[in-house]
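Student: Kindly return the folded structure for what I paste below:
(4 chains)
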Number of protein chains: 2
Amino acid sequence: MPTPHYGQPRYRAIAGELRRRIESGIIPPGSLLPAESALTAEFAASRGTIRQAIAVLRDDGLATTEHGRGTYAIARPYASALIENSNLNARRREVAADADLAKLFDIAPGSILVMRETVTCAQDKVESVVRVYQLLNGDR
Amino acid sequence: MPTPHYGQPRYRAIAGELRRRIESGIIPPGSLLPAESALTAEFAASRGTIRQAIAVLRDDGLATTEHGRGTYAIARPYASALIENSNLNARRREVAADADLAKLFDIAPGSILVMRETVTCAQDKVESVVRVYQLLNGDR
DNA sequence: AGAAATTTGTCCGTATGTATC
DNA sequence: AGATACATACGGACAAATTTC
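Tutor: Below is the predicted model:
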């Protein structure tokens, strides 16, 4: 199919469906989601779209993914935040501006900023952590 | 989001930022750059734009890409000298690791890290603040 | 212990539609 | 009109971690 993104994109619809299954217990916490290949078949979507949907779940803290294993459902929709994701690059968070950031952005300390964190690894070790702070105006 | 390519197109600005990280050792030679998806998130740009930026790096001999693996930084004996971003201010500080950083680097919270802070401006306004954290000693 | 299958990670190329400069 | 950019979506291929046989 082409790409008419009327209303809701497909990956969001799929993410919503998977979210329902997790939160309703159809996919119990700690269990594996169906493999990407299975979801591809079930939703008749491309793998990229499925992976996008799963990324939404990860971003919402509803799932974690392990290379070669699969994607696990997570119990609490919140609170785990960043902890399990240290092996994954780029996460978006909203944080309070510290004094320095407040001064730079010319905002009040404690105001909310968007932070994106990227981890660069070399030889199994964390090489550097990059944190990008931005105002959260027109972001999606 | 609109498309204000004031002066410099976005993909060139991103290429410039990545170039800086490579040439400054933030992304050491031989290591992998963050994946396209990670860069997409960090720079809040579309995949096409990120790929364009990486293409610039390849073209400049600063990176090579391997199918299925990723994009590697390449050691460049030359100094950049040429390219842009005079509106970039970087400074170096030593800071204590917060809980997240400590976990990522596998060090004790409160340990000292090097932080380099870069402020990028657009039209007199602070657009984003980038903080790069690295270990003090065993740097390459 | 080793090979094969499974599964996720990443990149490649392409395509459509929308919007702005 | 053309260049830039975003968001979405497809299909294919190779790489790497894990599991299974």
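Student: The most centrally placed residue in chain A and chain B: what is the separation?
Tutor: The geometric centre of chain A, computed from its C-alpha atoms, lies nearest to residue A:59 (Cα atoms, centre = their mean), at 1.9 Å. Counting by Cβ to the nearest Cβ, to the nearest Å, the separation of residue A:59 from chain B is 9 Å. The C-beta positions use only the backbone N, C-alpha and C, and glycine is treated the same way.
Student: Next one, pLDDT for that residue please.
Tutor: Here the pLDDT value assigned to residue A:59 is 82.
Student: give me phi/psi at it?
Tutor: phi -60, psi -30 (degrees, to the nearest 10).
Student: same deal with the one 10 residues further on?
Tutor: Geometry field for residue A:69 lists phi and psi as phi -110, psi -70, criterion degrees, to the nearest 10.
Student: Need the nearest residue in space to it, chain neighbours excluded.
Tutor: Nearest non-adjacent residue to residue A:69, counting by Cβ to Cβ, 6 or more residues apart in numbering or on different chains: residue A:32, 7.6 Å away.
Student: who does that neighbour bridge with?
Tutor: residue A:72 (DSSP bridges).
Student: circling back to that earlier point, what's the separation between the residue nearest to the centre of chain A and DNA strand D?
Tutor: In this view, residue A:59 and DNA strand D are 12 Å apart by Cβ to the nearest atom of the strand, to the nearest Å.
Student: Excluding its own residues, what touches the stretch of helix or strand residue A:14 belongs to? List them.
Tutor: Secondary structure assignment for residue A:14, by DSSP states H and E: helix A:10-23. By Cβ atoms under 8 Å, 6 or more residues apart in numbering or on different chains, the list of residues contacting helix A:10-23 from outside reads A:26-27, A:29, A:33, A:39, A:43, A:45, A:49-50, A:52-54, A:56-57, A:60, A:62-63, A:73-74, A:77.
Student: now, which of those residues lie close to DNA strand C?
Tutor: Restricting those to those touching DNA strand C (Cβ under 7 Å from any atom of the strand) yields residue A:33.
Student: In strands, which of the contacts of helix A:10-23 fall?
Tutor: A:63, A:73 (DSSP state E).
Student: Which entries within the contacts of helix A:10-23 meet the buried criterion?
Tutor: The neighbour-count test (16 or more other Cβ atoms under 10 Å in any protein chain shown) marks A:27, A:33, A:39, A:43, A:45, A:49-50, A:52-54, A:56-57, A:62-63, A:73-74 as buried among the contacts of helix A:10-23.
Student: among these, which one has the lowest pLDDT?
Tutor: residue A:74 (87).
Student: surely it meets residue A:61?
Tutor: Yes. With contact defined as Cβ atoms under 8 Å, residue A:74 reaches residue A:61; the gap is 6.4 Å.
Student: where are the low-confidence patches of chain A?
Tutor: Residue ranges of chain A with pLDDT under 70: A:1-6, A:75-92, A:120-125, A:136-140.
Student: how about a cut-off of 90?
Tutor: Applying pLDDT under 90 to chain A flags the ranges A:1-8, A:23-25, A:28-30, A:55, A:58-61, A:74-140.
Student: what about the residue of it at minimum distance from DNA strand D, how many neighbours?
Tutor: Proximity of chain A to DNA strand D (Cβ to the nearest atom of the strand) peaks at residue A:68, 2.6 Å away. Using other Cβ atoms under 10 Å in any protein chain shown, residue A:68 is surrounded by 4 other residues.
Student: repeat for residue A:36
Tutor: Residue A:36 has 17 nearby residues by other Cβ under 10 Å.
Student: distance of it from residue A:51?
Tutor: Applying Cβ to Cβ, to the nearest Å, the value for residue A:36 to residue A:51 is 6 Å.
Student: one step back: got the phi and psi for the residue of chain A closest to DNA strand D?
Tutor: phi 80, psi -10.
Student: distance of it from residue B:31?
Tutor: 22 Å.
Student: Residue A:95 belongs to a helix?
Tutor: No. According to DSSP: H, G, I helix; E, B strand; the rest coil, residue A:95 belongs to no helix; its state is strand.
Student: Now do the contacts for the residue nearest to it when sequence neighbours are not counted.
Tutor: The spatial neighbour of residue A:95 that comes closest, neighbours along the chain excluded (Cβ to Cβ, 6+ apart), is residue A:115 at 4.8 Å. By Cβ under 8 Å, 6+ apart, residue A:115 lies in contact with A:92-95, A:131-133.
Student: That concludes my questions; thank you for your assistance.
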